[in-house]
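Undergrad: take a look and give me a structure for this.
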Amino acid sequence: MPGDFAFAVQDAIVRHPGLEWIGCRNELNTGYAADGYARVRGIGALSTTYGVGELSAINAVAGSYAENLPVFHLTGMPAMPTQRARAKVHHTLGNGEFELFSHMAGPVVCAAAVMTRGTSHTRLPGGSTTASALSTEPDTAARDPGTVVLPTDRGGSPPGRTMVRKRLPSRRPRAPGPERGPA
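TA: This is a model prediction of the structure:
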């Protein structure tokens with residue numbers, strides 16, 4: 001889904017010879033299209049802009065999580081100098097907290113990474129890497145969505161080294177047990 005903070009990511013997608021851009025009318029439909037693509041082809045991806053775009057897609061990503069579908073959600077965010085200055089820009093809450101929206105996705109993704117120049121700050125359960133957490137191999141435990149957030153000045157660059165910043169507990173619901181009557 002086009003958006004000013006996502007243009008660098010989307011330009012890289014369009015330039016890549018092995019990828020095809022498929023546009024949708026809004027972020028929620030983009031998420032559902034990625035979900036459907038993952039059901040048919042084994043893995044799906046969507047790209048949205050920061051804030052309103054990624055939040056609009058979160059319901060579809062949550063649906064993919066509920067169905068154990070590997071879907072990459074790529075989000076473009078404001079450039080690093082803008083973030084360091086804690087500038088008030090559109091699509092933000094105006095409080096200088098630029099990772100707030102990616103934290104909101106935490107309960108419905110198996111991995112989340114915010115890419116910065118030279119490093120990425122990754123939140124993963126079990127110490128896995130983003131790539132292995134989102135593998136389409138049948139013996140991989142986690143086949144759930146993941147999110148990668150890229151600043152506009154980082155969108156066309158190859159990733160640097162990865163650092164695990166915080167481990168997330170598994171949020172996969174447990175199957176209900178037998179009902180208990182009065183004791």
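Undergrad: ranges for the helices of this protein?
TA: For the chain, applying DSSP state H gives helices covering 7-15, 27-41, 52-66, 80-84, 100-104, 130-133.
Undergrad: low pLDDT regions in this protein?
TA: Residue ranges of the chain with pLDDT under 70: 116-142, 155-183.
Undergrad: what about residue 86, neighbour count?
TA: 13 (other C-beta atoms under 10 Å). The way it works is simple: take the backbone N, C-alpha and C, and place the C-beta from them, glycine included.
Undergrad: do residue 50 as well
TA: Residues contacting residue 50 under the criterion other C-beta under 10 Å number 26.
Undergrad: could you do residue 31 as well?
TA: By the criterion of other C-beta under 10 Å, residue 31 has 28 neighbours.
Undergrad: find the nearest non-adjacent residue to residue 77, please.
TA: Leaving aside its sequence neighbours, residue 77 sits nearest to residue 50 (C-beta to C-beta, 6 or more residues apart in numbering; 4.2 Å).
Undergrad: now the strands for this protein?
TA: Using DSSP state E, the strands of the chain run over residues 44-49, 71-77, 111-116, 119-123, 146-151, 161-166.
Undergrad: returning to what we had before: and the helices of the chain as a markdown table, adding distance to residue 92?
TA: Below are the helices of the chain laid out as a markdown table (distance: least, C-beta to C-beta, whole Å):
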| stretch | distance to residue 92 |
| --- | --- |
| helix 7-15 | 17 |
| helix 27-41 | 17 |
| helix 52-66 | 10 |
| helix 80-84 | 9 |
| helix 100-104 | 8 |
| helix 130-133 | 25 |
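Undergrad: noted, bye for now.
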